[in-house]
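**Q** Turn this into a structure:
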Amino acid sequence: MKKIAVFTLALAFLVSCTPLDTEPAYLPVTQIPFYASETPAPFIIPVTETPQIILPETEVPTFEQPVIFTEAPIPTNSWWEVYFTDPWIINDPNNPAGSIEEKLIQFINNAQTSIHIASFEFNLPRVADALIAAKARGVDVRWVTDDENGLDIDGNENRGQFTRLMAGGIEVRDDARTALMHNKFWIFDRQITWTGSTNITVNGIYTQNNNVIVIRSPEIAEIYEREWEEFWAGQFGRRAPSTMNNQWAILNGTPVQVIFSPEDGAVSNLVALLNDAQTSIRFLSFSFTESSMAQAMIARAQAGVDVQGLFETFGSNYTYSQLKTLWCAGLSVRQDGNSSFLHDKVIIIDDSIVVTGSLNFSANADENNEENVIIIDNPEIAALYIQEFQKNWDIAISPPTGAFTCQ
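**A** Numbers count the residues shown, from 1 in each chain. Below you'll find the predicted structure:
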């Protein structure tokens, strides 16, 4: 793989939250040619989806400040940036310096023509202020959200930011359906895409473990823009067409692929990716109930691949969590050490391929919710996610002896 030039960027540390699959209310507050559809995507050929049990998801966020960790600046270059929340260092919503919130506001303030948003929920007044100011200077600002966790609860205490946006002339629409519009992506000027696991909420940024990846590419932005336009037109769920073979690009020698659920069969394609792992698999998971992914990891571990995974503690206590399955199969798995939530949905394969986005590893996310996954084959980006994995692994807890009855 062609190496990319790397520059240094001061790190913005961050945290976000996406529940087991039904996220309830939270606490307050280089031009690269685009490839035609007949050209197969670099990672995955779509395969048949395998339905799994749908598990309700709930969250009850709490937060206590543990030991403080420090990290070196995260490298970036001209076409990508990576950020992680850090609730051990940046955990005061009244002092957002260095946070993901601060970084997002910079992107909003720099937007010239459009900001199109598909994001699950919202309660940050400073972000609302920046969006209203962008609208006032002529930027096309529009937001698609979830109904139950977006507009329906906007009248609740410590909410109200969607009402403010609409009063400022910004149109907001929701999905008007039971399944979740669970994405967390933003498209700036049809040039820059912001995605990952981070909800634009106090909990998402200041108490939870979350990640954001920013891609500066009109090709990738156009992929997300097509999906956003479907939402804006009211196309949700399986009514939306799949354009998966058009959802990739090569950026400075790095293959990048995007998958949307439910139309692209995200989980079955991730299983195909896991089946190709040669040396290592690492994962960070808020909700992991998908048995086909667990079985793929077990098979690769039995073939000699080094597999380690970190589960959100609260979610892994559910009956259908795959923690027990992996533990009983002898895989190295732990429960997270954040007293709020580890909310990431990340897989790193062979120290090179990074999978991230909004998709929990569950049937609900795969078959019902609106979700996105971005897959990037770049060792330098993977190294940052490995670093984040290791930081959380070092404070995580192994299930105690006798925690599970393995048959």
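
**Q** which residues does Ala403 contact?
**A** Residues near Ala403 by CB atoms under 8 Å, 6 or more residues apart in numbering: Trp327. Using the backbone N, CA and C atoms, a C-beta is placed for each residue, glycine as well.

**Q** Where does it fall, secondary structure wise?
**A** Using DSSP states H and E, no element contains Ala403; it sits outside every helix and strand.

**Q** Any figure for the gap between it and Trp80?
**A** Ala403 sits 39 Å away from Trp80, going by CB to CB, to the nearest Å.

**Q** Looking at strand pairing, list the partners for Asn209.
**A** Leu342 (DSSP bridges).

**Q** likewise Arg282?
**A** What pairs with Arg282, by the bridge criterion (DSSP bridges), is Gln308, Ile348.

**Q** Helix or strand with the lowest mean pLDDT in the protein?
**A** strand 7-8 (a mean of 26; mean pLDDT, DSSP states H and E).

**Q** Can you report how many residues lie near Ile349?
**A** Counted with other CB atoms under 10 Å, the neighbours of Ile349 add up to 25.

**Q** Likewise for Arg226?
**A** 16.

**Q** Check the gap between it and Phe260 for me.
**A** Note on Arg226: its distance to Phe260, by CB to CB, is 9 Å.

**Q** nearest residue to Ile187 other than its sequence neighbours?
**A** Closest residue to Ile187 apart from its sequence neighbours, by CB to CB, 6 or more residues apart in numbering: His116 at 4.6 Å.

**Q** Correction: the previous question concerned Ala299.
**A** In space, not counting the residues next to it along the chain, Ala299 is nearest to Asn275; the distance is 7.4 Å by CB to CB, 6+ apart.

**Q** which phi and psi does the one you found have?
**A** Dihedral pair for Asn275: phi -60, psi -20, per degrees, to the nearest 10.

**Q** and it, what pLDDT?
**A** Here the pLDDT value assigned to Asn275 is 98.

**Q** got it, and Asn317?
**A** Value for Asn317, per-residue pLDDT: 86.

**Q** Does Ser292 touch Ser268 like I think?
**A** Yes. Ser292 is within contact range of Ser268, at 7.2 Å (criterion: CB atoms under 8 Å).

**Q** Confirm for me that Ser340 is in contact with Asn203.
**A** Yes. The pair Ser340 and Asn203 qualifies as a contact (CB under 8 Å) at a distance of 6.8 Å.

**Q** I'd like the next helix or strand past the host helix or strand of the residue nearest to Ile187.
**A** Assigned by DSSP H and E, His116 falls within strand 114-119. Per DSSP H and E, strand 114-119 leads on to helix 125-136 as the next helix or strand towards the C-terminus.

**Q** gap between the helix or strand hosting Leu165 and the chain center?
**A** Leu165 belongs to helix 161-167 when elements are defined using DSSP H and E. Distance of helix 161-167 from the chain centroid (CA atoms, centre = their mean, to the nearest Å) equals 25 Å.

**Q** which residue ranges form the helices in the stretch 251-400 of the chain?
**A** 266-275, 291-302, 313-316, 323-328, 363-367, 379-394 (DSSP state H, counting those that start in this stretch).

**Q** Can you say which of these is packed in most?
**A** helix 363-367 (a mean of 26; mean count of other CB atoms under 10 Å).

**Q** So Gly169 sits against Arg137, correct?
**A** No. Gly169 is not in contact with Arg137 according to CB under 8 Å; the separation is 11.7 Å.

**Q** In stretch 199-218, which residues are buried?
**A** Neighbour counts over stretch 199-218 (16 or more other CB atoms under 10 Å) mark 199-218 as buried.

**Q** Compute the first-to-last residue distance for that stretch.
**A** End-to-end distance of stretch 199-218: 24 Å, with CA to CA, to the nearest Å as the criterion.

**Q** same deal with stretch 244-259?
**A** End to end - CA to CA - stretch 244-259 spans 7 Å.

**Q** repeat for stretch 281-290
**A** The straight-line separation of the ends of stretch 281-290 (CA to CA) is 16 Å.

**Q** quick revisit: nearest to Ala133, out of the helices of the stretch 251-400 of the chain?
**A** Nearest to Ala133 among the helices of the stretch 251-400 of the chain is helix 379-394; the distance by CB to CB comes to 31.5 Å.

**Q** any idea whether Glu230 is helix, strand or coil?
**A** Look at Glu230: counting by DSSP: H, G, I helix; E, B strand; the rest coil, its state is helix.

**Q** and it, how many residues sit next to it?
**A** The burial count for Glu230: 20, using other CB under 10 Å.

**Q** didn't it look like it was pressed against Ser242?
**A** No. Applying CB under 8 Å, one finds Glu230 not in contact with Ser242, separated by 10.8 Å.

**Q** Confirm for me that Gln257 is in contact with Ile374.
**A** Yes. In this structure, Gln257 is within contact of Ile374 by CB under 8 Å, at 7.3 Å.

**Q** still on that earlier bit, quick one: closest of the helices of the stretch 251-400 of the chain to Asn158.
**A** Ranking the helices of the stretch 251-400 of the chain by proximity to Asn158 (CB to CB) places helix 313-316 first, at 21.7 Å.

**Q** So Gln190: helix, strand or coil?
**A** You called it Gln, but residue 190 is Arg. Secondary structure of Arg190, per three-state DSSP, is coil.

**Q** if I look at it, how far off is Ala130?
**A** Taking CB to CB, one finds Arg190 at 19 Å from Ala130.
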